[in-house]
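>>> predicted model, plus sequence, below.
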Number of protein chains: 2
Amino acid sequence: MAKDGSPPRSGMRDVARAAGVSVSTVANVLSRPSIVAQETRLRVERAIRSVGYVPNGPARQLRGVPSPIVGSITLDLANPFYAELNRGIEDRLAEAGCLVLAGSTDLQVAKERQILDLLQQQGVRGIIISPIDPDSTTLIQLSRRGTPVVLIDHPRGRLDLCAVAVDDTLGGQLAGEHLLSLGHRRIAFLSGMGGPGPVTRRRDGLRQVLAAAGLEPDKALLDIHMPLNPPTLAAAAAASVDRLLSIDPRPTAVVCLNDTAALGLLDGLCAAGVRVPEEMSVIGYDDLPFARRLAPPLTTVNQPKYQLGRAAAELLLEEARPDHTHREIMFQPSLAIRSSTAPPPHPKRRSR
Amino acid sequence: MAKDGSPPRSGMRDVARAAGVSVSTVANVLSRPSIVAQETRLRVERAIRSVGYVPNGPARQLRGVPSPIVGSITLDLANPFYAELNRGIEDRLAEAGCLVLAGSTDLQVAKERQILDLLQQQGVRGIIISPIDPDSTTLIQLSRRGTPVVLIDHPRGRLDLCAVAVDDTLGGQLAGEHLLSLGHRRIAFLSGMGGPGPVTRRRDGLRQVLAAAGLEPDKALLDIHMPLNPPTLAAAAAASVDRLLSIDPRPTAVVCLNDTAALGLLDGLCAAGVRVPEEMSVIGYDDLPFARRLAPPLTTVNQPKYQLGRAAAELLLEEARPDHTHREIMFQPSLAIRSSTAPPPHPKRRSR
DNA sequence: ATGAAAGCGCTAACAT
DNA sequence: ATGTTAGCGCTTTCAT
């Protein structure tokens, strides 16, 4: 097992030598085949194959050819929502000959910075990001230096950039209206530790609906923040059941930050002997593929995950065009009503 | 909105000028701070910040510094199994300052080649791949040229490379033994269109167990290949129900290629009025988080997804070491027995 | 301790 | 139609 037994990659020089021409002729064959004499071109093309020539990306990039790599930074690439989104990004980028470099921040500013720095150094073609640090200097610097940046699920705010988003407030409203129409008057909102962001906006939408119905928001909407120690989100949700059930008077419905949390909550509720939806209604968010087959089938807010990704990539690619103007694409969520929601149990009469 | 209003990225030259030193001193501050005079170093460091210097990755790479990018090629990065695996890869790589570039092949050789070519051109640090083209010239070339390649779920075979895998045959055996012990004698195997690969090995394991139990494999094991037109795997599985139910005599259990297919099959079976597990047992594969809360809770074969990814990244990183020898890490699957499996319905007496 | 200089592989402007 | 040449930004000897 030799140490450095790998034959060095051959470059244009080798091709040129093998074909008996100069490097620029090789370059021409590669980038402007039409200006090269038929015969010469064939000879060069043969040489390219015979020496196993592979263009050197970094060298080309150094000369100004844009990198084919686009960074995608999300909370967690293993989260099915982001996984599907990344797939949308990948598919659109592939049509342009580009690749996705995916990174996860786990909601940590330090990780976000680390990835952004690395991507900046690599001189990527662009960045699609679900940002957590509102005023990341790196992000601003990147954008000012000419790297296309597309925001996901983030108000464009001061950063004048392209963005794709789903109307989170509406999502919260849909959940709230559904619950209200069922007769619920005390609703818990299960969220994580994050600050402002999509989840908070959903909560706001929910709150608005409660207020509009004449309820006192502070009494009708109860916040539950999940503990952060459990290893998975689902486990954290399951561990939140105690808090939920100890609220007095007990809420009759829970809106979860996403389907995975709802899954965990369902587990916890089941373990605690609370029947869903008879004793407690549960609403998820995202409408992941498994939602419709859970026990019970989960009522949840659907988001167009794949399309979001495609749109983000589309916007990113558009930025390369000279006449580009930043813009935002907003998608609408919709409510998938299934069996995890029902009218609240009859008041005044506690079961069992 | 100016066309090229972006100030050009500043390089070491700019830093050098700002600090009143030469570029090589700047380079030294960056790579061997110890050999630079204290005072000079501070001055240079200040200059680095003041001009907003960012190292140029491609230029460094051209000079021989390895790329921080590792490619991960799987069937589909949106598939929760691979998403989780990619997360394992990412986490391990992050510890080494590296990033994951994820690509999906959708089982198409052309896509695999396309991604491999691009990665090769970029001169990535290494490649982790769940290969579909058994003798991809690019892959072999890549490896011979010194790029670390780690195979996932693929026998190392002729390609002498590092690999991580789960014992698929054992996985199939576990499923088969469980079903056999329950009394099943006619079992369907739901798979896709793929050729040899992990799924086929699971089927072989299952077949072995049936044969060992004295059954005639060709009668006891029925193959169902899903149609490829439906948009999602789950939909394809649901659409396979007709075929399944038309087999005569009807199988009493189905082993699915993965949990997502099992999910779809459950849907289809439910729609067809076939009760699970009373009339038909169903086994999945992967043990995705939702499996335990499906209706009914899914019996499935568990694979250590995240750990697989970490191990692959570990192996990849190890290849950089001079004393490296290719090796394979094999994980064991385990059976999670839940409620989608039960003894077969009493023979001779058809329900309804 | 610091600087000058030679490329890495490629593209593009220019010369032939 | 083909060849020559000058860098892109950096790392690395090798002087000083």
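The structure has been received and is ready for your questions.
>>> give me the element residue A:15 is part of.
Following DSSP states H and E, one finds residue A:15 within helix A:12-19.
>>> list the buried residues of the helix or strand just after that helix.
Counting by DSSP H and E, the next helix or strand C-terminal to helix A:12-19 is helix A:23-31. Within helix A:23-31, the residues scored as buried using 16 or more other CB atoms under 10 Å in any protein chain shown are A:25, A:26, A:28, A:29, A:30. Just so you know, the C-beta spots here come from the backbone N, C-alpha and C atoms, and that holds for glycine as well.
>>> near chain B at all, helix A:23-31?
No. For helix A:23-31, no contact with chain B is found by CB under 8 Å from any CB of the partner chain; the gap never falls below 12.1 Å.
>>> can you pull out the strands in the stretch 51-200 of chain A?
Listed in chain order, the strands of the stretch 51-200 of chain A (DSSP state E, counting those that start in this stretch) span A:69-74, A:99-104, A:126-129, A:149-152, A:162-166, A:187-191.
>>> I should have written the stretch 201-350 of chain A there, sorry.
For the stretch 201-350 of chain A, the strands defined by DSSP E, counting those that start in this stretch occupy A:221-225, A:253-256, A:281-286, A:299-302, A:328-331, A:334-336.
>>> what residues are up against residue A:221?
A:187, A:188, A:189, A:203, A:206, A:207, A:210 (CB atoms under 8 Å, 6 or more residues apart in numbering or on different chains).
>>> tabulate the residues you listed (TSV), appending distance to DNA strand D.
Formatted as TSV, those follow (distance: CB to the nearest atom of the strand, whole Å):
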residue	distance to DNA strand D
A:187	54
A:188	53
A:189	48
A:203	45
A:206	49
A:207	50
A:210	55
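>>> going by neighbour count, which of the residues you listed comes out on top?
Most neighbours among the contacts of residue A:221, by other CB atoms under 10 Å in any protein chain shown: residue A:206, with 27 neighbours.
>>> by proximity to DNA strand C, which residue of the stretch 151-300 of chain A wins?
residue A:162 (26.1 Å; CB to the nearest atom of the strand).
>>> could you do the stretch 101-250 of chain A as well?
Counting by CB to the nearest atom of the strand, the stretch 101-250 of chain A gets nearest DNA strand C through residue A:123, at 13.2 Å.
>>> and chain A, by the same measure?
Closest point on chain A to DNA strand C, by CB to the nearest atom of the strand, is residue A:11, at 2.8 Å.
>>> wait, what's in contact with that residue?
Contacts of residue A:11 by CB under 8 Å, 6+ apart are A:53, A:56.
>>> quick one, phi psi at it?
phi -110, psi -170 (degrees, to the nearest 10).
>>> and it, what's its pLDDT?
If you check residue A:11, the pLDDT there is 95.
>>> surely residue A:186 touches residue A:248?
No. At 10.3 Å, residue A:186 does not count as touching residue A:248 under the criterion of CB atoms under 8 Å.
>>> higher neighbour count, the two?
residue A:186 (18 against 6).
>>> just to revisit the earlier point, and the contacts of residue A:221, which is closest to residue A:294?
Distance ranking of the contacts of residue A:221 against residue A:294, using CB to CB, places residue A:188 first at 18.9 Å.
>>> do you know the pLDDT at the residue in the stretch 101-250 of chain A positioned nearest to chain B?
Here the residue of the stretch 101-250 of chain A nearest chain B is residue A:146; by CB to the nearest CB that distance is 3.5 Å. At residue A:146 the predicted local confidence, pLDDT, stands at 93.
>>> residues near it, how many?
For residue A:146, the neighbour count with other CB under 10 Å is 14.
>>> any idea how far the nearest residue to it once chain neighbours are set aside is from residue A:324?
What sits nearest to residue A:146 in space, not counting adjacent residues and going by CB to CB, 6 or more residues apart in numbering or on different chains, is residue B:6, at 3.5 Å. From residue B:6 across to residue A:324, the span is 13 Å (CB to CB, to the nearest Å).
>>> alongside DNA strand D, which residues does chain A contribute?
Counting by CB under 7 Å from any atom of the strand, chain A comes close to DNA strand D at A:20-25, A:28, A:35-37, A:39-41, A:59, A:62-63.
>>> how does it look with 6 Å?
A:21, A:22, A:23, A:24, A:25, A:28, A:35, A:36, A:37, A:40, A:62, A:63 (CB under 6 Å from any atom of the strand).
>>> closest to chain B among those?
Looking across the residues of chain A next to DNA strand D and measuring by CB to the nearest CB, the closest to chain B is residue A:62, at 5.3 Å.
>>> that closest one: neighbour count?
For residue A:62, the count of nearby residues is 15 (other CB under 10 Å).
>>> surely it is in contact with residue B:58?
Yes. Contact criterion CB under 8 Å: residue A:62 and residue B:58 qualify, at 5.3 Å.
>>> residue numbers of the stretch 51-200 of chain A in contact with DNA strand C?
Near DNA strand C, when you scan the stretch 51-200 of chain A using CB under 6 Å from any atom of the strand, you find A:55, A:56, A:59, A:60, A:62, A:63, A:65.
>>> now for residue A:20, how many residues are close by?
Residue A:20 has 11 neighbouring residues, counting by other CB under 10 Å.
>>> residues touching it, list them.
For residue A:20, the contact set (CB under 8 Å, 6+ apart) comprises residue A:43.
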